[in-house]
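Q: Here is my input, please return the structure:
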Amino acid sequence: MKNVHISTEPVLSRRTFLTGVGVTLALPLLDAMLPSFSWARPPVAADKPRRMLSIITNMGIMPQFYFPKDAGRDYELSPYLENLKDFRQDMTVFSGVSHPDVDGGHHSDITWLTAAPHPGRGGFRNTISLDQFAAERIGNLTRFPSLPLLVGIEGKRSLSWTSSGVMISGEKKPSLVFQRLFVQGNARQVAVQVDRLREGRSILDAVAGRAKALESKVGVSDREKLDQYFTSVRELEQRLHKAEEWEQKPKASVAAKPPEDIDDPADLLGKSRLMYDMARLALQTDSTRIITVFIEEDHNPKVKLDGITQGHHSLTHHGNRPDVVGELRHIEEAQFGVLRELLAALKSTPEQGETLLDRTMVLYGTHLGNANAHSNNNLPVLIAGGGFKHGQHLAFKEKQDYPLPNLFVSMLQRLGLEVDRFASSTGTIRGLEMT
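A: Coordinates of the predicted model:
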């Protein structure tokens, strides 16, 4: 009997790329790229618009001043929620929710909308965020599929992450947000942008054509993976085509004047107001239906408020000292005051017999259950507006860490998406019903 050589080399190199017009696209991991006898994990198999606005403050919210003592509809408003008393029937407050397996203290801010586990560990790779998951499915209905915004002094931070784990940087200058939303480019600028979009589509065409040569080199399982992969490429091409159509249409016009940017990094409240105004205008004009606002302050100086003597980050490590707790409470109550102004603006904006708040889910909260201890459990979270039966405090047992992504599933369904899972969810959130 002849000796039989069983190769342990892959049929295709993992470095195999599809190339076209000077651009390369890496292939997904295929069985043919793995050595023999190794195993690859199988793939995991309206008339009136609805909208979603997600806001995080990355310095936390002191739980003793946020969480109501009682559950249900007759709960007594906590000191922070007193700021939102006019919207009691327009909001639902949660306690006992968190992201399972998300730890790392401050590092977890980037996973607030992804629930990707262990963000503080080496080699961490983020997953798709709630807003981008929605944008992939309904973002083509508006000029801008989504709008990531940043209130802070850092150059590149965001809550928005693609399915490939790539961050979409938030825009931190309200003036540039206004320009992008409402200032129409001249004919030459529009033509340049259209050419760029067409070039992107031509690249996808060239790459897809070269992919045909691979089909004879791989097995049935790999062909299915390639089919899924190029289906996603074609979907991207369709989105590019839609974007080209939007470039040919005039942008929305508003009576509001372009905002003046605030350069003072200490003016947290003023910067938040400006960005909330941009978010409201974007939603009101239906320029986008999906917005994130990242309030990021890791290196900010003292917040511009009377009586504040230390930096915001330093105050969060208060050690329960009454004077330091008092300063931090002053800042956080002011932040809830600015949130109140946003909700009031949305509620005072009519839309087809309802209000903009009725049509917009406003998610507000933080990734820190207790910033003083860097805890990522029992997260302070609320949701306002958007077409839910509100007016209650949904209290889940703190130690059980009820999955916050269950709320995300409910939000996606409220957008009209047929979804029953997202990240670490186990279903929709218990106790929150649609109107």
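Q: Distance from the chain centre to stretch 104-112, please.
A: 13 Å (Cα atoms, centre = their mean, to the nearest Å).
Q: now swap in stretch 353-364 and tell me
A: Chain-centre distance of stretch 353-364: 17 Å, with Cα atoms, centre = their mean.
Q: What of stretch 117-130?
A: Offset of stretch 117-130 from its chain centre (Cα atoms, centre = their mean): 14 Å.
Q: Would you mind listing the buried residues in that stretch?
A: The neighbour-count check on stretch 117-130 (16 or more other Cβ atoms under 10 Å) flags 117, 119, 126-130 as buried. To be clear about C-beta, it is placed using only N, CA and C from the backbone, and glycine gets the same treatment.
Q: distance between the ends of that stretch?
A: Start and end residues of stretch 117-130 are separated by 15 Å (Cα to Cα, to the nearest Å).
Q: What strands flank the helix or strand containing Val93, and is each parallel or antiparallel?
A: Element membership for Val93, per DSSP states H and E: strand 91-95. When pairing is defined by DSSP bridges, strand 91-95 lines up against strand 381-384 (antiparallel), strand 392-395 (parallel).
Q: shaky segments in the chain?
A: 1-46, 153-155, 185-216, 225-248, 298-300, 398-400 (pLDDT under 70).
Q: Could you chop this protein up by domain?
A: Per automatic domain parsing, the structural domains of the chain span 17-44+188-244, 51-184+258-414.
Q: Would you reformat the ones you listed as a markdown table and include distance to Asp420?
A: A markdown table is the format used below for those (distance: least, Cβ to Cβ, whole Å):
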| stretch | distance to Asp420 |
| --- | --- |
| domain 17-44+188-244 | 13 |
| domain 51-184+258-414 | 7 |
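Q: Name the SS class of Tyr364, please.
A: Under DSSP: H, G, I helix; E, B strand; the rest coil, the three-state class of Tyr364 is strand.
Q: That one - how many residues pack around it?
A: Counted with other Cβ atoms under 10 Å, the neighbours of Tyr364 add up to 24.
Q: follow-up on the earlier one: quick check: which of the strands paired with strand 91-95 is buried the most?
A: strand 381-384 (a mean of 24; mean count of other Cβ atoms under 10 Å).
Q: which residues in the stretch 101-250 of the chain form helices?
A: Taking DSSP state H, counting those that start in this stretch, the helices of the stretch 101-250 of the chain run over residues 130-138, 174-182, 187-211, 220-247.
Q: Can you tell me how far the closest residue to Gly387 other than its chain neighbours is from Arg50?
A: In space, and not counting its chain neighbours, Gly387 is closest to Thr435: 5.1 Å by Cβ to Cβ, 6 or more residues apart in numbering. Note on Thr435: its distance to Arg50, by Cβ to Cβ, to the nearest Å, is 11 Å.
Q: Determine which member of these two has the greater number of neighbouring residues.
A: More crowded of Thr435 and Arg50, by other Cβ under 10 Å: Arg50, with 17 against 9.
Q: Packing partners of whatever helix or strand Ala344 lives in?
A: For Ala344, the element it lies in under DSSP H and E is helix 322-347. Using 3 or more Cβ pairs under 8 Å, 6 or more residues apart in numbering; DSSP states H and E as the contact test, the elements touching helix 322-347 are helix 63-66, helix 268-284, helix 312-316, helix 356-359, strand 360-365.
Q: Which elements pack onto the second one?
A: Contacts defined by 3+ Cβ pairs under 8 Å, 6+ apart place helix 268-284 against strand 51-57, strand 147-151, helix 174-182, strand 290-295, helix 322-347, helix 356-359.
Q: let's see 10 Å
A: In terms of contacts (3 or more Cβ pairs under 10 Å, 6 or more residues apart in numbering; DSSP states H and E), helix 268-284 is packed against strand 51-57, strand 147-151, helix 174-182, strand 290-295, helix 322-347, helix 356-359, strand 360-365.
Q: follow-up on the earlier one: which one of the domains of the chain is the most hemmed in?
A: domain 51-184+258-414 (a mean of 19).
Q: quick one on the thing from earlier: now the helices and strands packed on helix 268-284 as CSV including distance to Gly431?
A: Below are the helices and strands packed on helix 268-284 laid out as CSV (distance: least, Cβ to Cβ, whole Å):
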stretch, distance to Gly431
strand 51-57, 20
strand 147-151, 30
helix 174-182, 36
strand 290-295, 25
helix 322-347, 22
helix 356-359, 20
strand 360-365, 16
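Q: Compare the ones you listed and give me the one nearest Val166.
A: strand 147-151 (12.1 Å; Cβ to Cβ).
Q: sorry, back to before: now the helix holding Ala344 against helix 268-284, angle please.
A: Taking axes from the mean of the first three to the mean of the last three Cα atoms, to 10 degrees, one finds that helix 322-347 is oriented at 20 degrees with respect to helix 268-284.
Q: what angle do helix 322-347 and strand 360-365 make?
A: Put simply, helix 322-347 runs at 170 degrees to strand 360-365, going by the same axes, to 10 degrees.
Q: ok, back up a step: columns distance to Ser410 on top of the helices and strands packed on helix 322-347, output as CSV?
A: Output for the helices and strands packed on helix 322-347, formatted as CSV (distance: least, Cβ to Cβ, whole Å):
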stretch, distance to Ser410
helix 63-66, 21
helix 268-284, 20
helix 312-316, 30
helix 356-359, 16
strand 360-365, 9
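Q: Of those, which is nearest Glu297?
A: That would be helix 312-316 among those, by Cβ to Cβ, at 5.1 Å.
Q: What helices and strands are in contact with the closest one?
A: Using 3+ Cβ pairs under 10 Å, 6+ apart, helix 312-316 is in contact with helix 322-347.
Q: Please state the offset of the helix it packs on from the chain centre?
A: Here helix 322-347 is found 22 Å from its chain centre; the criterion is Cα atoms, centre = their mean.
Q: just stretch 377-385 next, same as before
A: For stretch 377-385, the distance to the chain centre is 15 Å (Cα atoms, centre = their mean).
Q: ok, now stretch 357-366?
A: That offset, for stretch 357-366, works out to 12 Å (Cα atoms, centre = their mean).
Q: ok, back up a step: for the residue nearest to Gly387, list the residues it contacts.
A: 358, 386-390, 414 (Cβ atoms under 10 Å, 6 or more residues apart in numbering).
Q: now it: how far from Ser158?
A: Distance from Thr435 to Ser158, by Cβ to Cβ: 31 Å.
Q: and what of Arg51?
A: Counting by Cβ to Cβ - Arg51 and Ser158 are separated by 19 Å.
Q: How about Leu346?
A: 23 Å.
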